[in-house]
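Peer 1: I'll drop the sequence and a predicted model, then ask my questions.
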Amino acid sequence: MKFEFLDHPSDLLIKATGETPEEIFLSFALALAFYFAGKKITKTEERSYKVIVKGDNFLNLLVKFLNELLFLTETEGKIFAKVEFVKLNKNYLEAKVYGTKEDIREQVKSATYQSSFRKTKKGFEAKVLLDI
C-alpha cells in the first residue's frame, strides 16, 4: 500500500497501489490527509463518522468516497486519516472514518472522474485527479 503525488499543471493527481481495493481506498484517504496537513497524521479522535456510498464499480466508489471525505473535512473541520471498512465490494462501500483537528493548509474542491482504477499483476492501481 502506497501513494504518490504526480505532476499535474493545475490540479492534484494522486496514484496509489495496493494488493486489495481496501488498500487503495485507505491509501487515498492517507494521501488526502497528508495533502491537507502537510505531514503524516498519526493520531485520530475516537469518534467515528459513517460513510456509505454506492456505485457501478471501484472507480465510481473511490471518487464518491473521496468526495464524502472532502465533504466531512469541510463541514467538520477535521482531517480523516483512519478508515475501518465495514463492507467493500465493487458496488458498495461502508466504512467508519476517524478524524483529527488539524490546520488545513490546502483546499480540495472535489475528486473527478478523470481517474482510473485497474487490476495489475501485483494487485491494484488507481489514479485520481482532484480539483483544487
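Peer 2: Perfect, thanks for sending it.
Peer 1: pLDDT wise, what is the closest residue to Leu61 other than its chain neighbours at?
Peer 2: Closest residue to Leu61 apart from its sequence neighbours, by CB to CB, 6 or more residues apart in numbering: Gly55 at 4.2 Å. Using the backbone N, CA and C atoms, a C-beta is placed for each residue, glycine as well. Each residue has a pLDDT score; the one for Gly55 is 96.
Peer 1: with the one 10 residues further on instead?
Peer 2: We have a pLDDT of 98 for Phe65.
Peer 1: longest strand in this protein, by residue count?
Peer 2: If each strand of the chain is counted by residues according to DSSP state E, the longest one is strand 79-89.
Peer 1: can I get the longest helix along the chain in PDB? Just the C-alpha atoms.
Peer 2: For the chain, the helix with the greatest residue count under DSSP state H is helix 58-76. Coordinates of each C-alpha in helix 58-76 appear next as PDB, following Å, rounded to 0.1, in the frame of the first residue of the first chain:
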ATOM      1  CA  PHE A  58     -14.500   0.500  -7.800                       C
ATOM      2  CA  LEU A  59     -13.600   3.700  -9.600                       C
ATOM      3  CA  ASN A  60     -17.100   5.200  -9.100                       C
ATOM      4  CA  LEU A  61     -17.000   4.200  -5.400                       C
ATOM      5  CA  LEU A  62     -13.500   5.700  -5.000                       C
ATOM      6  CA  VAL A  63     -14.500   9.000  -6.400                       C
ATOM      7  CA  LYS A  64     -17.600   9.100  -4.300                       C
ATOM      8  CA  PHE A  65     -15.700   8.000  -1.200                       C
ATOM      9  CA  LEU A  66     -13.100  10.800  -1.600                       C
ATOM     10  CA  ASN A  67     -15.900  13.400  -2.200                       C
ATOM     11  CA  GLU A  68     -17.500  12.200   1.100                       C
ATOM     12  CA  LEU A  69     -14.200  12.700   2.900                       C
ATOM     13  CA  LEU A  70     -13.900  16.100   1.400                       C
ATOM     14  CA  PHE A  71     -17.400  17.000   2.500                       C
ATOM     15  CA  LEU A  72     -16.600  15.800   6.000                       C
ATOM     16  CA  THR A  73     -13.400  17.800   6.100                       C
ATOM     17  CA  GLU A  74     -15.200  20.900   5.000                       C
ATOM     18  CA  THR A  75     -18.200  20.500   7.400                       C
ATOM     19  CA  GLU A  76     -16.400  19.100  10.400                       C
END
